[in-house]
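J.: coords please:
(2 chains)
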Amino acid sequence: MVSSKNKQDGLSVSERIEKNKQSNSSTAFVEKLVPKLLLLCATLSVLVTLGILYTLLSETFTFFNEVSVIEFFTSTHWNPWRDSYGILSLISGTLLITVTAMIIAIPLGVASAIFLSEYASDKVRRMLKPILEVLAGIPTVVYGFFALTFVTPMLDKIIPGLSFFNALSAGIVVGIMIVPMVASLTEDAMGAVPNVLREGAMALGATRLETTVKVVIPAALSGIVASFALAMSRAIGETMIVAIAAGATPKFSFDPTQSIQTMTGYIVQVSTGDVSYGSTIYYSIYAVGTTLFVFTLIMNLLAQYISRRFREEY
Amino acid sequence: MADTKSSVFNVKDLNLWYGDNQALYDINMDIKENDVTAIIGPSGCGKSTYVKTLNRMVETVPVVKTSGEIEYRGKNIFDKNYLVEDLRTKVGMVFQKPNPFPKSIYENIVYGPKIHGIKDKKTLDQIVEKSLKGAALWDEVKDRLHENAYGLSGGQQQRVCIARCLAIEPDVILMDEPTSALDPISTLKVEELIQELKKDYSIVIVTHNMQQAARISDKTAFFLSGELVEYTDTNTLFSNPTDKRTEDYITGRFG
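T.: Residues are numbered from 1 along each chain as shown, chains lettered A, B, ... in the order given. I've put the predicted structure just below:
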């Protein structure tokens, strides 16, 4: 029995490994240290979140010392300069933008994702996907001007009585802005569906469309729904486009042709104006901010619930 | 078969639970140096669990509990001060499905030596050639060492995994049904390879193929429902089993 183990400098590989292990006592120390550092980083982001929450809540509390909670949540008039704080006007503005945006983003995004994931050849996909992703990199202020100077004049020709600042145009453009997000995340979810499932359906004589609709999409549904929720959070929180193109007229209405104001739009308006520190108006932006925060939080929780509920195990 | 060989593993009263389900019952077994030890038994009998316990890979399942001892070269591997990484450096493993890294063949082989501090190019090149020759793959891949290992056939991928294991020159190689995903020709190559490897290594192989166990192993252990029913020389076990259950199994009456 001749050992054929590798010899080098008189030592075999296993002997060299043994020697390295003995001389390398720092490895164990690093292995112990790294998880602690990682935990620290994870804790840090939690702490920052808590910090933000603390600021929001403490200032909101001050606000509600001056304004009644009931008025805040039930009144439909929002005019801080005349001491009327009814956030429903701002919420209706935000919802108007969000719904319009989702009406645009969901069909466009899912359709692009289906095409990219199930139909496009490799070459086409390689060309289209980066272009789609460029859309996500455009600064929102550019989108704002696109809404104001391109989309609004176009809509004006179709819809009579459209006001210059309006929810429709801003909503459409917010929708366009989040299309790449929906498309990209949905495509990832569909791409993660194993090919054996597609083959299983096709082997039963299903067409490509039947396979996509009945097998791939259900299998990817949790990821797809999660992408909707993320996109919706993004639409609710979108600021620049609505500040530029949707106007600054808080109004409890669901007419998209009119000028409205969203929660984010109001915060911008106050932050950029000359409101004195410590006034009720100053504190009102925290109350609005908290409401916005609760909105997105509910959205995220809902998305988590839905994606767990619809998860197909494979 | 001479029992004068020294033991690699001494397993003493090993019990293992997945949560509340007991998977192994009071296993006692000595595994000898330079033997090919085959472990056979029907699906779910605990043979894979057992072989994964030998290098503590079974602990990647968080709910696993064990009792008893496994001595590797005289030291209890469940000892608190026993470094599991050291154990796995000495006790290599080849899995059921080939699992090369999605890197080049060369990178696959040198991964182990590199993490253990061997860095000079010349040695690494030698290790690659040596390991691939050891895995009977060198002639097939020597001109495309820098191509992705996933471009190879299943049988070749499995031999890359064996070569990857050989590269750090372990003492023992555990194989968990290494040929179950391979075609007959690739299986034959891996079996021939095992015969070559036993000159330098101790091998423990789980197989659901009894002919394979009979062809390649020196000793065979028959597991049933988490118990070690019979463990003896392969020839004896297949020609003259002492336990009725072993006889039923090897004659194909169940399982």
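J.: what segments of the chain are helices?
T.: The chain I'm using is chain A. Secondary structure of chain A, counting by DSSP state H: helices at A:13-23, A:26-66, A:69-74, A:88-114, A:122-137, A:140-146, A:152-158, A:167-191, A:195-202, A:208-211, A:217-237, A:240-245, A:263-272, A:280-309.
J.: look at chain B instead
T.: Assigned helices in chain B, in chain order: B:47-54, B:84-90, B:105-115, B:121-134, B:138-141, B:154-166, B:184-197, B:210-216, B:234-239, B:244-250 (criterion: DSSP H).
J.: out of the ones you listed, the one nearest A:Glu118 is which?
T.: Taking C-beta to C-beta as the measure, the helices of chain B were each checked against A:Glu118, and helix B:154-166 came out nearest at 27.8 Å. Just so you know, the C-beta spots here come from the backbone N, C-alpha and C atoms, and that holds for glycine as well.
J.: can you pull the contacts of residue 106?
T.: No chain was given, so I picked chain A. Taking C-beta atoms under 8 Å, 6 or more residues apart in numbering or on different chains, we find A:Ile106 in contact with A:182, A:228.
J.: chain B is the one I meant
T.: By C-beta under 8 Å, 6+ apart, the contact list for B:Tyr106 reads B:128, B:145-146.
J.: weed out the non-buried ones from those residues.
T.: Buried members of the contacts of B:Tyr106, scored by 16 or more other C-beta atoms under 10 Å in any protein chain shown, are B:128, B:145.
J.: follow-up on the earlier one: just send the helices of chain A back as JSON lines, with distance to B:Ala181 and mean pLDDT too.
T.: As requested, the helices of chain A are arranged in JSON lines below (distance: least, C-beta to C-beta, whole Å; pLDDT from 0 to 100):
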{"stretch": "helix A:13-23", "distance to B:Ala181": "29", "mean pLDDT": "81"}
{"stretch": "helix A:26-66", "distance to B:Ala181": "33", "mean pLDDT": "91"}
{"stretch": "helix A:69-74", "distance to B:Ala181": "62", "mean pLDDT": "89"}
{"stretch": "helix A:88-114", "distance to B:Ala181": "33", "mean pLDDT": "94"}
{"stretch": "helix A:122-137", "distance to B:Ala181": "28", "mean pLDDT": "87"}
{"stretch": "helix A:140-146", "distance to B:Ala181": "51", "mean pLDDT": "94"}
{"stretch": "helix A:152-158", "distance to B:Ala181": "60", "mean pLDDT": "92"}
{"stretch": "helix A:167-191", "distance to B:Ala181": "25", "mean pLDDT": "93"}
{"stretch": "helix A:195-202", "distance to B:Ala181": "15", "mean pLDDT": "91"}
{"stretch": "helix A:208-211", "distance to B:Ala181": "27", "mean pLDDT": "92"}
{"stretch": "helix A:217-237", "distance to B:Ala181": "25", "mean pLDDT": "90"}
{"stretch": "helix A:240-245", "distance to B:Ala181": "54", "mean pLDDT": "91"}
{"stretch": "helix A:263-272", "distance to B:Ala181": "55", "mean pLDDT": "90"}
{"stretch": "helix A:280-309", "distance to B:Ala181": "33", "mean pLDDT": "89"}
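J.: touching, B:Ala135 and B:Arg159? I think so.
T.: Yes. Shown here, B:Ala135 and B:Arg159 form a contact pair, counting by C-beta atoms under 8 Å, at 4.5 Å.
J.: overlap in contacts, these two.
T.: Common neighbours of B:Ala135 and B:Arg159 are listed as B:Leu193 (criterion: C-beta under 8 Å, 6+ apart).
J.: can you give me the buried ones in stretch B:167-184?
T.: Counting neighbours by 16+ other C-beta under 10 Å, one finds that the buried residues in stretch B:167-184 are B:167-179, B:181-182.
J.: CA atoms only for it, dumped as PDB, please.
T.: Extracted as PDB, the C-alpha positions of stretch B:167-184 are listed here (Å, rounded to 0.1, in the frame of the first residue of the first chain):
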ATOM      1  CA  ALA B 167      -8.200  17.900  -2.100                       C
ATOM      2  CA  ILE B 168      -7.800  18.500   1.600                       C
ATOM      3  CA  GLU B 169      -6.700  14.900   2.100                       C
ATOM      4  CA  PRO B 170      -9.200  13.800   4.700                       C
ATOM      5  CA  ASP B 171      -8.900  10.600   6.800                       C
ATOM      6  CA  VAL B 172     -12.400   9.300   6.200                       C
ATOM      7  CA  ILE B 173     -14.800   9.900   3.400                       C
ATOM      8  CA  LEU B 174     -18.600   9.600   4.000                       C
ATOM      9  CA  MET B 175     -20.700   9.000   1.000                       C
ATOM     10  CA  ASP B 176     -24.500   9.300   1.200                       C
ATOM     11  CA  GLU B 177     -25.900   7.300  -1.700                       C
ATOM     12  CA  PRO B 178     -23.400   8.900  -4.000                       C
ATOM     13  CA  THR B 179     -24.500   7.000  -7.100                       C
ATOM     14  CA  SER B 180     -28.300   7.100  -6.700                       C
ATOM     15  CA  ALA B 181     -28.600  10.100  -9.100                       C
ATOM     16  CA  LEU B 182     -26.200   8.600 -11.600                       C
ATOM     17  CA  ASP B 183     -26.500   6.400 -14.700                       C
ATOM     18  CA  PRO B 184     -25.000   2.800 -14.600                       C
END
